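[1] sequence first, then the predicted structure, then my questions.
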Amino acid sequence: MSVPARRIRWSAVLDHSILIIGSLIMILPVVMLVQMASTTDLHTTKFGPGWVFGDQLPVNFEKAMFKADGFSGENTGLRMLYNSMILGFGFAIGKIVIGMMAAYAIVYFRLKFATLAFWVIFTTLLLPLEVRILPSYEIVQKLGMLNTYQGLIIPLIASATATFFFRQYFRSIPEELVEAARIDGAGPIKFFIDILVPLSRTMIAAMFIIMFVYGWNQYLWPTMITTDEGMYTLVRGIKQITQTLEGTNLPEYGRSNLLAIIAILPPVLIVIFFQSWFVKGLTESDK
Amino acid sequence: MAQVKLNAVRKTYPNGFEAVKPASFDITDGEFVVLVGPSGCGKSTMLRMIAGLEDISEGELYIGETVVNNVDPADRDIAMVFQNYALYPHMTVRKNIGYGLKNRKIPSTEIDAKVAEAANMLNLNDYLDRKPSQLSGGQRQRVAMGRAIVRDPALFLFDEPLSNLDAKLRNQMRIEIKALQRRLGVTAVYVTHDQVEAMTMADRIIVMNGGVIEQIGTPSEVYHSPASTFVASFMGAPPMNLFDGHANGTEVHVGETPLHRHTHQGKVTVGIRPEDIVPDVTGPLAINVNIIEELGAHRLLHGHTADQAVTIHVAKDFPAVTGPMTASLKPDAVSLFDSETGHRL
């Protein structure tokens, strides 16, 4: 019995080529990172990035996590990782809590000017942090919140995006559910905690991913607010290290690239971990 | 257990629309009352006012002895079953049924006992740990019933609870709900647009149209002596035949045929139920049959008499043919309505 020759579908080949090229473009910088993190600084200074992997990963890891520079000796990689975590989680959780509560108020309570309030919140999308950075800085400074986690997080958590998504979601929840809960004796707070929050869990997960990555990658605001080395986040700290090309010192390519790898990991892990929730939250709804 | 009393209850919306015109009626303890009418007639608004989900614009509502106009729904001692069931999707059946009790701070052992009892009554024992999404429509409906039963309310409110079910299940649930209400002896108000549900389930029917109560009565009263042409045409399938007639002070004529004796004078609307017109070779009513509708247990003959449409209900063994025939009326078959106002004369 002869198996008929499989026809080559050129459209599929084309599709796959595009995908493969795209993937390479995405992956190559990461490969470069790993390569440079695995060789000595001297090697990288001499030859630049290449295809030869060295055996320096453990050494560079040691340096990246525990070596500090500056005056205080507080900005170790570990410390920066910790700060970034606090910023990422604080930012994401804060945005979700504030966004949910704002949406709850707008959707479920007969407030005067609720629609107006919503659109005012919505227009803040047109005023990102970069536009209002000076007044924001001034307020934080006057409140004495420079170099604190509060100062780092609170000014960023008012969120039109989260409010908007939760508003749309809440509006799709059937009215009868609210009424059934009212008859079941659930007041506003009970309804929120017992019904609305569990119903929104996929939505919360989706928001969490977006917001965590967004918060983790913040650069400008932490740079403004934190001058104390113990408060540096990873994203800003790496910059600090690559900059110190002075005197006879070689730039610490190995250390900074390894820190960059560490900085990539948490968002990647979070996305992988929450992936299925993410898709669910943004597409389907089990009501 | 409680009686319900409405005293000139009225609903107007901020935009001036009057959804329910002042309505007064009493519901006695243990009675099953059905509010029926076409969509937009105000029946749901009425129910929601009784439930407390909608503010009452004017008038007083009593549940038991007290005015409850300003009492929160949770404190009115009512339970409501919604059209789309309104089950909490993230909770198991057990938690769905027990949620109201939990909010009333009832000890969990007692909740468990009550939930088990309700589940027993509704054959839900095997499904207690499932989520609503894993249940069929009929089972969801039962869970919604269970949620109402465990609260041991003074008043059941049903808002078109069967309209999302298929026809067969609807007939079955109709009987189950009625039997359950009988057994528990709880007063019930049931809203539906389906006149068959109204006829079969109600102790008393309230027919509404355009925010106005057209008639309150037992199913038999509403069917046999409708208070208006609206009720006559809304209740019953096929609806009552309505003819334009003329009364001369002694007799009422449709076309040239005298059908009824009445002292009214002038134009009238004559209503006759299809089953009250009997084929009769010596009968006075000349009918030209156009279409025969075969329904198995009986047949419907559609035709004209004196140029007006008429429907006759005949037994399955009647040899029906299209073409001219004659018929007579059963005694007391005629309802007379004022042709201007539509009210019964």
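    In hand now; what should we look at? Numbers count the residues shown, from 1 in each chain, chains lettered A, B, ... in the order given.
[2] helices and strands around the helix or strand of chain A with the lowest mean pLDDT, which ones?
    The helix or strand with the lowest mean pLDDT-type score in chain A, counting by mean pLDDT, DSSP states H and E, is helix A:234-243 (a mean of 78). In terms of contacts (3 or more CB pairs under 8 Å, 6 or more residues apart in numbering or on different chains; DSSP states H and E), helix A:234-243 is packed against helix A:77-108, helix A:220-225, helix A:253-283. Using the backbone N, CA and C atoms, a C-beta is placed for each residue, glycine as well.
[3] could you dump the shortest one to CSV, C-alpha only?
    Extracted C-alpha coordinates of helix A:220-225, given in CSV (Å, rounded to 0.1, in the frame of the first residue of the first chain):
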residue,chain,number,x,y,z
LEU,A,220,10.8,56.8,35.7
TRP,A,221,8.7,57.0,38.9
PRO,A,222,11.1,54.9,41.1
THR,A,223,14.0,56.9,39.7
MET,A,224,12.4,60.1,40.9
ILE,A,225,11.1,58.9,44.3
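[4] next, the buried residues of it.
    A:Trp221, A:Pro222, A:Met224, A:Ile225 (16 or more other CB atoms under 10 Å in any protein chain shown).
[5] which residues of chain B score low on pLDDT?
    Low-confidence segments of chain B, defined by pLDDT under 70: B:1.
[6] can you tell me the centre-most residue of the chain?
    In the absence of a named chain, this looks at chain A. A:Val213 (1.2 Å; CA atoms, centre = their mean).
[7] let's do chain B instead
    Short answer for chain B (CA atoms, centre = their mean): B:Ala198, at 2.9 Å.
[8] do you know the pLDDT at A:Ala117?
    We have a pLDDT of 87 for A:Ala117.
[9] nearest residue to it in space, please, no chain neighbours.
    Distances taken as CB to CB, 6 or more residues apart in numbering or on different chains put A:Ile106 closest to A:Ala117, at 6.4 Å, once the chain neighbours are dropped.
[10] count of residues packed around the one you found?
    Applying other CB atoms under 10 Å in any protein chain shown, we find 19 residues neighbouring A:Ile106.
[11] I figured the residue nearest to the centre of chain A was touching A:Val271, is that so?
    Yes - contact criterion CB atoms under 8 Å: A:Val213 and A:Val271 qualify, at 7.3 Å.
[12] returning to that earlier point: any idea how far the residue nearest to the centre of chain A is from A:Ile264?
    To A:Ile264, A:Val213 is 11 Å away according to CB to CB, to the nearest Å.
[13] okay, and the common contacts of these two?
    The contact sets of A:Val213 and A:Ile264 do not overlap (CB atoms under 8 Å, 6 or more residues apart in numbering or on different chains).
[14] how long is stretch B:269-279 end to end?
    22 Å (CA to CA, to the nearest Å).
[15] do the same with stretch B:227-246
    Stretch B:227-246 stretches 19 Å from its first residue to its last (CA to CA).
[16] any idea how far it is from the middle of the chain?
    Its chain's C-alpha centre and that of stretch B:227-246 lie 16 Å apart, by CA atoms, centre = their mean, to the nearest Å.
[17] for chain B, what lies in contact range of chain A?
    B:51-53, B:72-75, B:78-80, B:82-84, B:86-90, B:99-100, B:103-104, B:133, B:147 (CB under 8 Å from any CB of the partner chain).
[18] just the ones in strands from the residues you listed, please.
    Using DSSP state E, B:Ile78, B:Ala79, B:Met80 are the members of the residues of chain B next to chain A that sit in strands.
[19] could you list the residues of chain A in contact with chain B?
    Proximity of chain A to chain B, by CB under 8 Å from any CB, involves residues A:174, A:176-177, A:179-186, A:190, A:194-195, A:198-199, A:201, A:286-287.
[20] among these, name the ones in helices.
    In helices, defined here by DSSP state H, the members of those are A:Glu176, A:Leu177, A:Glu179, A:Ala180, A:Ala181, A:Arg182, A:Ile183, A:Lys190, A:Pro198, A:Leu199, A:Arg201.
[21] in PyMOL, how would I select the buried members of those?
    PyMOL command restricting these to the buried ones, with burial defined by 16+ other CB under 10 Å:
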select buried, chain A and resi 176+177+179+180+181+182+183+190+199
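[22] most widely separated two among the ones in helices among the residues of chain A next to chain B?
    Farthest-apart pair in these is A:Ile183 and A:Arg201; separation 24.3 Å (CB to CB).
[23] what is B:Arg204 paired to in the beta sheet?
    B:Val33 (DSSP bridges).
[24] now do the contacts for it.
    By CB under 8 Å, 6+ apart, the residues touching B:Arg204 are B:Ile27, B:Glu31, B:Phe32, B:Val33, B:Val34, B:Ile216, B:Gly217, B:Thr218.
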